[in-house]
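J.: sequence unknown, structure follows:
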């Protein structure tokens, strides 16, 4: 079978009145071939209806190719690793390409996720922060990350504690307020009613009946709200900080202890979590916070909160401080009778 282009040239040369011998010489054909095409009506067919076949181009090697085994292994071990986290690892291994092809490859290699059933909506600057604990099983024991994320800017704060208790909640919230330089108008507690009421056990077990926590809220000037899952208009801002924390920070890292865990977490917040482009806002949380949200926060309280019921935390730096010695004078019982003017 001769090509489509040669048929077109043959028809054109015949229309010009050239002889079959001259056409055969120009096209490199025999006169018998040209005569057979004319006899069989090949030149009368509509050439535009013929399928044009192209040979596939050879695949050019991509910059990502040498790192596909590494990416495959990491996703097999930790299927929820983010593309940003994978990017950091293959950059360290020598990758110099962009993140777009990495996102596409990771989407093909990881299992497809489910559909988010919750409708999201925005909150004004400084209005709301979402609070939750994340459980992390580490080689030296279970630790709990208290996570606070501002609803407008998505600025994230976290710190790990040995226990998920009321004391850790109070000290962690005070540390987050200091880091933000202000207090959100309301705090949304995601699945934390048991944590807030565990130590105090108020009658009825409701958040609003926890007098100590309400006293803490009044001291700092925020309104606490309990989060009811899958009710978006009650729940307010819906972020997924726990999932993001596990995918981007906890999975695949090694830690040398509590101090190193919190040090790496602080470095991750500053270098990754709070400077990334958020998928919803399209801005870095730090830029959005500094521009719009910092000034909208309530000012900090003049002094730290003094609890009426909490004992010093086991993680407090003062727990090993020396206890002052108290000398008690020992007296016989008749000595007290003489002090009040009565004989024994």
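T.: Okay, I see it. Since the structure is predicted, the reported quantities are computational estimates derived from the model, not experimental observations.
J.: so residue 69: helix, strand or coil?
T.: Residue 69 falls in the helix class when you classify it by DSSP: H, G, I helix; E, B strand; the rest coil.
J.: the stretch 151-300 of the chain: helices as residue ranges?
T.: Here the stretch 151-300 of the chain has its helices, by DSSP state H, counting those that start in this stretch, at 166-180, 193-197, 211-220, 232-235, 241-245, 258-268, 285-288.
J.: pull out the buried positions in the first one.
T.: Yep, that's helix 166-180 we're talking about. For helix 166-180, the neighbour count (16 or more other C-beta atoms under 10 Å) marks 166-174, 176-177, 180 as buried. Using the backbone N, CA and C atoms, a C-beta is placed for each residue, glycine as well.
J.: who are the packing partners of it?
T.: Judged by 3 or more C-beta pairs under 8 Å, 6 or more residues apart in numbering; DSSP states H and E, the packing partners of helix 166-180 are strand 128-138, strand 141-150, strand 156-161, helix 193-197, helix 211-220.
J.: to residue 55, which of those lies closest?
T.: Closest approach to residue 55 among the helices and strands packed on helix 166-180 (C-beta to C-beta): strand 156-161, 52.0 Å.
J.: low pLDDT regions in the stretch 51-200 of the chain?
T.: By pLDDT under 70, the low-scoring segments of the stretch 51-200 of the chain are 51-54, 111-121, 190-200.
J.: dump the helices of the stretch 151-300 of the chain to a markdown table, plus distance to residue 74.
T.: Below are the helices of the stretch 151-300 of the chain laid out as a markdown table (distance: least, C-beta to C-beta, whole Å):
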| stretch | distance to residue 74 |
| --- | --- |
| helix 166-180 | 31 |
| helix 193-197 | 33 |
| helix 211-220 | 41 |
| helix 232-235 | 33 |
| helix 241-245 | 17 |
| helix 258-268 | 17 |
| helix 285-288 | 26 |
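J.: out of the ones you listed, which comes closest to residue 94?
T.: Across the helices of the stretch 151-300 of the chain, residue 94 has its closest neighbour in helix 258-268 (22.3 Å, C-beta to C-beta).
J.: just to revisit the earlier point, so which of the buried residues of helix 166-180 comes closest to residue 257?
T.: Proximity of these to residue 257 (C-beta to C-beta) peaks at residue 168, which lies at 17.7 Å.
J.: now the closest one: how far from residue 26?
T.: Residue 168 sits 90 Å away from residue 26, taking C-beta to C-beta, to the nearest Å as the criterion.
J.: swap in residue 258?
T.: Per C-beta to C-beta, residue 258 is found 86 Å from residue 26.
J.: burial of the residue lying closest to residue 225 once chain neighbours are set aside, as a residue count?
T.: The shortest distance from residue 225 to any non-neighbouring residue, by C-beta to C-beta, 6 or more residues apart in numbering, is to residue 188 (5.1 Å). Residue 188 has 25 neighbouring residues, counting by other C-beta atoms under 10 Å.
J.: for residue 188, name its beta-bridge partners.
T.: Beta bridges link residue 188 to residue 130, residue 225 when assigned by DSSP bridges.
J.: measure it to residue 13 for me?
T.: From residue 188 over to residue 13 (counting by C-beta to C-beta), the distance is 81 Å.
J.: domain parsing for this protein?
T.: Residue ranges for the domains of the chain, per automatic domain parsing: 4-49, 65-109, 128-296.
J.: against residue 278, how distant is the spatially most central residue of the chain?
T.: When C-alpha atoms, centre = their mean is applied to the chain, the residue found nearest the centroid is residue 244 (2.6 Å). Here residue 244 is placed at a distance of 10 Å from residue 278 (C-beta to C-beta).
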